[in-house]
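[1] attaching a predicted model along with its sequence, questions to come.
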Number of protein chains: 2
Amino acid sequence: MTYAKTAAFTEEQQQLARVAKALAHPARVAIIQLLASKQTCISGDIAAELPLSRTTVSQHLQELKALDLIRGEIDGLTVCYCLNTALLQRVHQQFTAFFIEATSGAVCGPDDACAC
Amino acid sequence: MTYAKTAAFTEEQQQLARVAKALAHPARVAIIQLLASKQTCISGDIAAELPLSRTTVSQHLQELKALDLIRGEIDGLTVCYCLNTALLQRVHQQFTAFFIEATSGAVCGPDDACAC
DNA sequence: ATTCTATGTCGTAAGTATGCGACATAGAAT
DNA sequence: ATTCTATGTCGCATACTTACGACATAGAAT
């Protein structure tokens, strides 16, 4: 039974890790940036703008959609994706809280040394 | 030749993805939180506080160290880890820039609808 | 010198991610 | 009705991650 000690951590830690995982591939970062830049929620044009096959892009989209970071709406033949900005704002707050917690402590030596 | 389209994305996207990947496991989130909470940069005590074997924790530590997010300093028999707060601050800024970019655009319908 | 202890590395097993071609589906166009 | 087109799903190959026991190393303690 490898893989799956995840449950042993706090929900907060799991949530942060889950979102981090969604951002852990440049294609998904690129997709979010694309959706943010275009006013229109482009659909399969996303695939055309990325150096990946349509299939692979579709999978990345599903991963983002599974976390509800993006949403898709069918419009006839095409599908229209857009960012869930409300969720993204909440996630931003979570990350900020984490980083503030992480950077508020004792500082390491500026070069390479621990402050032990 | 699977795996490795990474190079086709911008350095910025790759960098964000790299760090996100480091945070993409609750154990590593927990490690950073632990190091932030303890004043002393504890070493193998980290392993004792996590529900994972010493080996596995060591691997997670190496991953964080590889990105320079944490630093280790040998002190006799024990090793003393601490956060690289300067880097963490820079990373925080990168994430913030990304999230602001992502949340500044057109907002989705509050319920479920795209604004296409 | 020998033993003890804290860490790290190796090897392995099993799960997961990445990437894509081929197929399926379903609306649009003719 | 048939064909075209935009998407999604399946299955596969390969690579990476996670997790851990067993071994290696190296300083401390006796």
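    Cool, the structure landed. Residues are numbered from 1 along each chain as shown, chains lettered A, B, ... in the order given.

[2] ok, which stretches of chain A are strands?
    Along chain A, the stretches classed as strands by DSSP state E are A:70-75, A:78-83.

[3] the first one vs strand A:78-83, what angle?
    This points to strand A:70-75. Strand A:70-75 and strand A:78-83 are oriented at 150 degrees to each other (axes from the mean of the first three to the mean of the last three Cα atoms, to 10 degrees).

[4] mind listing what's buried in strand A:70-75?
    By neighbour count on 16 or more other Cβ atoms under 10 Å in any protein chain shown, the buried set for strand A:70-75 is A:I70, A:R71, A:G72, A:E73. Placement of C-beta: from N, CA and C, glycine included.

[5] ok, now stretch A:78-88?
    A:V79, A:C80, A:Y81, A:C82, A:L83, A:N84, A:T85, A:L87, A:L88.

[6] taking the centroid of chain A, which residue is nearest it?
    The residue lying closest to the centre of chain A (Cα atoms, centre = their mean) is A:L23, at 3.3 Å.

[7] so who does that one touch?
    Contacts for A:L23 were tallied using Cβ atoms under 8 Å, 6 or more residues apart in numbering or on different chains; they are A:V29, A:I32, B:L16, B:A17, B:A20.

[8] give me that answer again for 10 Å
    By Cβ atoms under 10 Å, 6 or more residues apart in numbering or on different chains, the contact set of A:L23 is A:29, A:32, A:64, A:67, A:69, A:91, A:95, B:13, B:16-17, B:19-21, B:23-24, B:95, B:98-99.

[9] what are the ranges of the helices in chain A?
    Taking DSSP state H as the test, the helices found in chain A are A:11-22, A:26-37, A:45-49, A:54-66, A:85-103.

[10] may I have the fourth one as CSV, with CA atoms only?
    Once non-C-alpha atoms are left out, helix A:54-66 reads as follows in CSV (Å, rounded to 0.1, in the frame of the first residue of the first chain):
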residue,chain,number,x,y,z
ARG,A,54,-5.4,18.6,-28.4
THR,A,55,-5.8,15.4,-26.3
THR,A,56,-3.2,16.5,-23.8
VAL,A,57,-4.6,20.0,-23.4
SER,A,58,-8.0,18.5,-22.9
GLN,A,59,-6.6,16.4,-20.0
HIS,A,60,-5.0,19.4,-18.4
LEU,A,61,-8.3,21.3,-18.7
GLN,A,62,-10.1,18.4,-17.0
GLU,A,63,-7.6,18.5,-14.2
LEU,A,64,-8.2,22.2,-13.6
LYS,A,65,-12.0,21.7,-13.9
ALA,A,66,-11.9,18.9,-11.4
